[in-house]
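> The following block contains a protein sequence and its predicted model.
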Amino acid sequence: MTRMKLLLVGGFLASGKTTAIYSAAKLLKASGRKAGILTNDQGKQQVDTGFIRGKGFPNEEVAGSCFCCNFNAMSGGIQRLHEDIQPDIIFAESVGSCADLAATIINPLLTLQPDRYNIVLSVFADIRLLVAFLKNEQPVFHENVSYIYQKQLDEADIIVANKIDLLSVPELDHAKAVISDAFPDKIILYQNSLSEKGIQHWLDACENFHNATLRPALNIDYDKYGAGEAELAWLDEEVGIVSEDKNAVKAALLLADTVYNKIKAGNYPIGHLKFLLDNGRSQTKISFSPFGDTNSMEQHTMEESAKAVLLVNARVQTAPQVLQDIITEAIVETENTTASKITEYTTTAFQPGYPRPTYRIIA
């Protein structure tokens, strides 16, 4: 019996997981192979899900909880993808604040369905944040959040130091020395997920990784883990934009920039800040990292429109009400600046609950 190839993709918020999965799915499709994609978030309105589905890739979603706390929904999503399209590879992207994946996802899958899966856990990290973390430079996040970050790296089968295109050659050489010294026994890839060569290297590494045994479980303090997740406010909001001057796309981009600038002005550390912009004819995803750079391969070619819809996913170290107030203020300012009308359709703002995995199997 051929084992199902499951690429479990972990790593902290804004590390480039979705970009890598999308790039890999495109590359596989071009070579005649099929990929299924399972997305996951604590919220129920996912930018990443909308983006993946908008690109036409088979997708299942686990919303409103992490994989580990809703294992049956996760395994059910994997099964549906397998039955519907018989994919060559399934990508399962976990919540960016989730850890302990070996004991709560990999080991239960291998135990409940032995001989079914070949699982690889790739943990992505923005190489700039990773180097700053390893050098104990000025901390970006609260110590409990940093605890989650460390635990994610500890259990990786493969560490993907991502976004190397944002470093100079000397900076990259220095980063490689720091990272390899910190993880001498790990498989480490240095990757630009917008590069076909980099993505192919990752796929090859995953294809060549074989470990059908149960993984060692982390020694993890769940109280500290839960406290780390609770440091982050999660906000999901969908807004509609109407512009009599047919500048709704421009207004949406200004709103996204205004939200980002207000968060930075308040010195609130950003986990991730993502927007999905839809002008009725096409979509584009816009992401802001903790370092202030943006990632959108398509926003500059999007046609203007009289109407647009903007979905916001914000994961920020602050209180939910503070984040909600920032969004509201940004909407008012954007309306006044662009003479557009912005309507808030749906809004949820919360802090994740205490992690209570369905299973935790220790090898």
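Sure, I can see it. Numbers count the residues shown, from 1 in each chain.
> So which residues of the stretch 51-200 of the chain form helices?
71-85, 101, 107-112, 127-134, 143-154, 169-182, 196-207 (DSSP state H, counting those that start in this stretch).
> Also the stretch 201-350 of the chain?
222-230, 248-265, 320-338.
> Any idea which of the helices of the stretch 51-200 of the chain gets closest to His272?
helix 127-134 (11.6 Å; Cβ to Cβ). For the C-beta atoms, the positions are set from N, CA and C on the backbone; glycine is no exception.
> Which neighbouring elements make contact with the closest one?
Judged by 3 or more Cβ pairs under 8 Å, 6 or more residues apart in numbering; DSSP states H and E, helix 127-134 is in contact with helix 143-154, strand 158-162, helix 169-182.
> can you count the residues close to Lys224?
Neighbourhood size, Lys224 [other Cβ atoms under 10 Å]: 13.
> That one and Val145 touch, don't they?
No - between Lys224 and Val145 there is no contact under Cβ atoms under 8 Å: 10.1 Å.
> what separates Asp41 from Leu232, distance-wise?
12 Å (Cβ to Cβ, to the nearest Å).
> what does Ile164 give?
26 Å.
> one step back: deepest-packed of the helices of the stretch 51-200 of the chain, please.
helix 101 (a mean of 27; mean count of other Cβ atoms under 10 Å).
> what is the mean pLDDT for it?
Taken as a whole, helix 101 has a mean pLDDT of 98.
> Then stretch 207-215?
pLDDT averaged over stretch 207-215 gives 93.
> Quick one: distance of that stretch to the chain centre.
Averaging C-alpha positions (Cα atoms, centre = their mean, to the nearest Å) puts stretch 207-215 23 Å from its chain's average.
> Give me the nearest residue to Tyr222, chain neighbours excluded.
In this structure, Tyr222 finds its nearest non-sequential neighbour in Pro355, 6.4 Å apart by Cβ to Cβ, 6 or more residues apart in numbering.
> pretty sure that neighbour belongs to a strand, no?
No - secondary structure of Pro355 (DSSP: H, G, I helix; E, B strand; the rest coil): coil, not part of a strand.
> residues near it, how many?
22.
> Model confidence score at Asn162, please.
97.
> wait, Asp325
Per-residue confidence (pLDDT) for Asp325: 97.
> With the one 3 residues further on instead?
On the pLDDT scale, Thr328 is placed at 97.
> any idea how far it lies from Gly43?
For Thr328 relative to Gly43 (Cβ to Cβ), the value is 18 Å.
> what stretches of the stretch 101-250 of the chain score poorly on pLDDT?
Scanning the stretch 101-250 of the chain for pLDDT under 70 picks out the ranges 138-139.
> what sits against Gln324?
Counting by Cβ atoms under 8 Å, 6 or more residues apart in numbering, Gln324 makes contact with Leu235, Thr347, Ala349.
> Out of the residues you listed, give me the one that has the most neighbours.
Leu235 (24 neighbours).
> Redo the contacts of Gln324 as a markdown table? Include distance to Val131.
Below are the contacts of Gln324 laid out as a markdown table (distance: Cβ to Cβ, whole Å):
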| residue | distance to Val131 |
| --- | --- |
| Leu235 | 29 |
| Thr347 | 36 |
| Ala349 | 32 |
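> Okay, and which of these map to strands?
Counting by DSSP state E, the members of the contacts of Gln324 that fall within strands are Leu235, Thr347, Ala349.
> Was I right to think the first one contacts Thr328?
It refers to Leu235. No - counting by Cβ under 8 Å, Leu235 stays clear of Thr328, with 10.9 Å between them.
> Count the residues that sit near Ala14.
Counted with other Cβ under 10 Å, the neighbours of Ala14 add up to 26.
> Which residue of Thr328 and Gly43 possesses the greater neighbour count?
Shown here are Thr328 and Gly43; by other Cβ under 10 Å, Gly43 has more neighbours (21 against 13).
> That one and Ile327: what is the separation?
14 Å.
> can you check Leu189 too?
Leu189 is 36 Å from Ile327, by Cβ to Cβ.
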